[in-house]
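Colleague: This is a predicted model, with the sequence first.
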Amino acid sequence: MRIISQKSLVLSILVIISSCSTQPPVFKSDLSKKEVIKILNDGCTYERDGKERYVVKGKRYRTLASSKDYKKRGIASWYGPKFDGKQTACGEIYDMYKYT
């Protein structure tokens, strides 16, 4: 009986440890490339200097040469019905029925 109890304990510890080490799933978009380009060309762009660098509120950024193997998890902003028709952070007017 004691051997079964020890095996159960070891198995439980292994399950707990392995559940902590798995990475979250990567989000795959259903949007086509054409739809994504349309969203990106929405008039809400920032200063670019031709070298894939840009400035937002005085802070300089550089784009990656490739997104291959890039994975990031974070919190996205969300505008609900009370923001419909109002200005977003980048200055465009939010329309809750369109990609804005």
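Modeller: Yep, that arrived.
Colleague: contacts and neighbour counts: CA atoms only from here.
Modeller: Noted.
Colleague: And the next helix or strand past the lowest-mean-pLDDT helix or strand in the chain?
Modeller: One helix or strand of the chain scores below all others by mean pLDDT, DSSP states H and E: strand 47-48, with a mean of 46. Counting by DSSP states H and E, the element after strand 47-48 in chain order, helix or strand, is strand 53-56.
Colleague: Check whether residue 98 sits in a helix, strand or coil.
Modeller: Using DSSP: H, G, I helix; E, B strand; the rest coil, the three-state assignment for residue 98 comes out as coil.
Colleague: Distance of it relative to residue 84?
Modeller: Using Cα to Cα, to the nearest Å, residue 98 is found at 10 Å from residue 84.
Colleague: Just want to know which of those two has more residues nearby.
Modeller: residue 84 (14 against 7; other Cα atoms under 10 Å).
Colleague: Residues touching stretch 71-82, excluding its own?
Modeller: 26, 96 (Cα atoms under 8 Å, 6 or more residues apart in numbering).
Colleague: For it, buried residues please.
Modeller: Across stretch 71-82, burial judged by 16 or more other Cα atoms under 10 Å covers no residue at all.
Colleague: what about that stretch, how long is it end to end?
Modeller: Start-to-end span of stretch 71-82 (Cα to Cα) is 32 Å.
Colleague: Stretch 72-89 now?
Modeller: 22 Å.
Colleague: Could I get the average pLDDT for it?
Modeller: Per-residue pLDDT over stretch 72-89 has a mean of 82.
Colleague: Now for residue 94, how many residues are close by?
Modeller: Residue 94, neighbours per other Cα under 10 Å, totals 19.
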